[in-house]
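In: below: sequence and its predicted model.
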Amino acid sequence: MAERVFMKGCEAIAEAGVRAGCRFFAGYPITPQNEIPEYFARRMPEVGGVFVQGESEVASVNMLYGAAAAGARAMSSSSSCGISLYSEGVSYCASARLPVVYVNVQRGGPGIGAIQPAQQDYLQATKASGNGGFQMIVLAPATVQECVDMVYEGFELAARDNNPVLILTDGVIGTMMEPVVLPPMKSDEELAQLKEKYGVTKRACIGHPLGQQAKCFPGSAGTGQELVNKEAEKLYATWDKDVRVEKFLVDDAEIIFAAYGISARISKAIVKQLRAEGIKAGMIRPITVNPFPYDAFRDLDFNQVKGILDVEMSIPAQMRWDIDFAVQGRCQINECRRSGGQLLTNDQVLEGARQLIKEVL
Amino acid sequence: MEKVYEKTLGVLQDVVSGFCPGCMHGTAHKLVGEVVQELGMLDKLVRVEGVGCCGLGQMYVSHDVIIAAHGRACAVATGVKRSSPDSLVYTYQGDGDLASIGLDETVSAANRGENFTVIFINNGIYGMTGGQMAPTTLIGMKATTAPFGRKVEEHGYPMHVCELLAQLKTPYFLVRTAVDTPQNVIKTRKYIKQAFQNQIDGKGFSLVEIVTSCPTNWGYSAKDALTFLREKMFEEFPLGVYRDKDKEEA
């Protein structure tokens, strides 16, 4: 049964994982996502699941690799500099085509950065999360509810594709409380059916009788690697159907805000404020930041749209690259950025918008 | 006629191993296969394999294999065994994998008392990559990255894994052994069996270190490598049982 509760982002993420059938979690403490492992540590014993505090992020992600190779629904979480240490393991999961779900509750960077919220890991998340040019579906929630829904669905996407799925959120959403509707707990029967549906038992590298050996190989012997790469490319090409984007008051808009995650919530408030003043503002919010909703920008009527304001908690701006790629210089793009734990304020975004309006309208 | 010997089903019957002449990996693989077959657990056996020459084994064994990132076998095995406790899990790692890049994963898994078996091949050198210095390379021994020989002042002393892990309270069974003579092969077989039996009995972390030779990268003939193994390697790495809680508790 779905139920409505008041919950912190990180804890809601963990509960959504449990309800999606996650029975293995490994992670290492790092702010601002500690509530995720802490929640799993309490919760897993209640559902017969496994929680391991790894000795490091490196170990944790490799525990995830092992659990997924053994057929478990496995999940982990970390934050920015910790996610860098996940690069190796996630690349191995992508190469061995293992379905894992992991969460980046972004903080400041590069390096140890700051423990406060930021959106400094966009390019790492969407373009190169490890060696070898693999890709993942990367979902970017803007609310605690979306965190829940995306984690819940993330397991199905991962299982469907046999590929890692990343939830890219930040320290604001991770640590704030909101009312959420929790999805139903998947029953053991349901999970067994899903296992069947996704061929997990056959693929999992456990319990095969002699002669039916299964191997989990994060690469290929000899020249077979090219084939592995081509198979992966085929998968990525199917993701057009998975593109998700929120278009808010875009149809008649002359000024477009482009923002994801927490920045989009702030931007939306400003769009509404400008509309009240009679300014035709709108917003495009990528919900999947990979695959990126290029068409949402590409198909804009640039006779009508005069300027785009890219709003990010990242310096330098990173999503800007994808917007530029879609817009191809057909309108002016300004940036409104904060970082290092400094939250964007309404005033700041409004000021950025007014500047753009002054320049293009 | 009475059948007195049979090839183990734990390794594939129709492939020829690519291990160098004088290498002892083959013997170790055979022993694992024999022992687990005897235990009637080949269908449950999962090999978590390190990177290096130890990583060639996946081509020769008949059971399920998960290939880990370099050094991460003990973390991967933790994930496998914890999520699938009915499986019989072992890692198979060399000295570079287990004692250098993977030392953290090894020590931490041992200290948590993870209920799996570790087969650790110590030949004092990086084999697959071509003879670089390992954490277990002997003092004075030449390696491609220590062309003038390992020096204490620059590289420190060789790493002693069994002794190191024996400092921890949790590990259940730690033994250093060899497969250079029939007697030692029989002994090692017994140790490997005990290490797997411990896992079946839920006793926790068991590690069997096998000190072996690497004629190719030591730059010796297979015969001279045996002499070096016995005279130098065994001197630095004394064979013996470093922890056996069965005996302590008895």
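Out: Alright, I've got the coordinates.

In: for the chain, what helix or strand is lowest in average pLDDT?
Out: Picking chain A for this. helix A:200-203 (a mean of 92; mean pLDDT, DSSP states H and E).

In: actually chain B
Out: The helix or strand of chain B with the poorest confidence is helix B:245-249; it has a mean of 89 (mean pLDDT, DSSP H and E).

In: mind checking the SS state of B:Glu235?
Out: For B:Glu235, the assignment made with DSSP: H, G, I helix; E, B strand; the rest coil gives helix.

In: what's near enough to touch the residue in chain B positioned nearest to chain A?
Out: Nearest residue of chain B to chain A, counting by CB to the nearest CB: B:Gly79, 2.7 Å away. To be clear about C-beta, it is placed using only N, CA and C from the backbone, and glycine gets the same treatment. By CB atoms under 8 Å, 6 or more residues apart in numbering or on different chains, B:Gly79 lies in contact with A:24, A:26, A:52, A:62-70, A:72, A:74.

In: so what's the residue count around the closest residue to it other than its chain neighbours?
Out: Among residues not flanking B:Gly79 along the chain, A:Gly66 sits closest, at 2.7 Å (CB to CB, 6 or more residues apart in numbering or on different chains). With neighbours defined by other CB atoms under 10 Å in any protein chain shown, the count for A:Gly66 comes to 34.

In: same question for A:Pro32.
Out: Using other CB under 10 Å, the number of residues around A:Pro32 comes to 22.

In: what about it, which SS state?
Out: Going by three-state DSSP: A:Pro32 is coil.

In: which pLDDT value does the model give the nearest residue to it once chain neighbours are set aside?
Out: Distances taken as CB to CB, 6+ apart place A:Gly171 nearest to A:Pro32, at 3.9 Å, with adjacent residues excluded. Looking at A:Gly171, its pLDDT stands at 96.

In: now A:Gly171: how far from A:Ala69?
Out: Here the criterion is CB to CB, to the nearest Å. By it, A:Gly171 lies 31 Å from A:Ala69.

In: more crowded one of those two?
Out: Using other CB under 10 Å, the more surrounded residue of A:Gly171 and A:Ala69 is A:Ala69, with 34 against 28.

In: excluding residues flanking it in the chain, which one is nearest the more buried one?
Out: Setting aside the residues directly before and after it, A:Ala69 is nearest to A:Cys216 in space (CB to CB, 6+ apart), at 4.1 Å.

In: any idea how far whichever residue of the stretch 51-200 of chain A sits closest to chain B is from B:Ser84?
Out: Of all residues in the stretch 51-200 of chain A, the one sitting closest to chain B is A:Gly66 (2.7 Å; CB to the nearest CB). The gap separating A:Gly66 from B:Ser84 is 9 Å, by CB to CB.

In: give the helix, strand or coil label for the spatially most central residue of chain B.
Out: Closest to where the C-alpha atoms of chain B average out (CA atoms, centre = their mean) is B:Phe120, at 1.8 Å. Under three-state DSSP, the three-state class of B:Phe120 is strand.

In: and the residue lying closest to B:Asp224 once chain neighbours are set aside, what does it touch?
Out: Leaving aside its sequence neighbours, B:Asp224 sits nearest to B:Pro215 (CB to CB, 6+ apart; 7.6 Å). Under the criterion of CB under 8 Å, 6+ apart, the neighbours of B:Pro215 are B:20-23, B:221-222, B:224-225.

In: inside helices: which ones of those?
Out: Counting by DSSP state H, the contacts of B:Pro215 place B:222, B:224-225 in helices.

In: can you give me the helices in chain B?
Out: Using DSSP H, the helices of chain B run over residues B:25-38, B:73-83, B:95, B:103-112, B:152-155, B:161-165, B:182-200, B:215-218, B:222-228, B:234-236, B:245-249.

In: got the CA positions of the second one in CSV?
Out: As requested, C-alpha coordinates have been extracted for helix B:73-83 and formatted as CSV (Å, rounded to 0.1, in the frame of the first residue of the first chain):
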residue,chain,number,x,y,z
ALA,B,73,38.5,-9.6,-4.6
CYS,B,74,37.9,-9.6,-0.8
ALA,B,75,35.4,-6.7,-1.1
VAL,B,76,33.7,-8.5,-4.1
ALA,B,77,33.6,-11.8,-2.2
THR,B,78,32.1,-9.9,0.8
GLY,B,79,29.2,-8.8,-1.5
VAL,B,80,28.8,-12.3,-2.9
LYS,B,81,28.9,-14.3,0.3
ARG,B,82,26.8,-11.9,2.3
SER,B,83,24.0,-11.7,-0.4
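
In: how far does it sit from its chain's centre?
Out: Its chain's C-alpha centre and that of helix B:73-83 lie 17 Å apart, by CA atoms, centre = their mean, to the nearest Å.

In: what's the average pLDDT for that helix?
Out: Mean pLDDT, helix B:73-83: 98.

In: report the angle between that helix and helix B:103-112.
Out: 40 degrees (axes from the mean of the first three to the mean of the last three CA atoms, to 10 degrees).

In: buried residues in helix B:73-83?
Out: For helix B:73-83, burial by neighbour count (16 or more other CB atoms under 10 Å in any protein chain shown) applies to B:73-83.

In: just the closest of those residues to A:Gly340, please.
Out: The nearest member of these to A:Gly340, counting by CB to CB, is B:Ala75 at 32.2 Å.

In: what sits against residue 115?
Out: No chain was given, so I picked chain A. Going by CB under 8 Å, 6+ apart, A:Ile115 touches A:31-32, A:107-108, A:171, A:341.

In: oops, wrong one, chain B.
Out: By CB under 8 Å, 6+ apart, the contact set of B:Asn115 is B:81, B:85, B:199, B:202-205.

In: again, only using 7 Å
Out: B:81, B:199, B:202, B:204 (CB atoms under 7 Å, 6 or more residues apart in numbering or on different chains).

In: and if you look at B:Ser206?
Out: By CB under 7 Å, 6+ apart, the neighbours of B:Ser206 are B:117-118, B:172-173, B:195, B:198-199.
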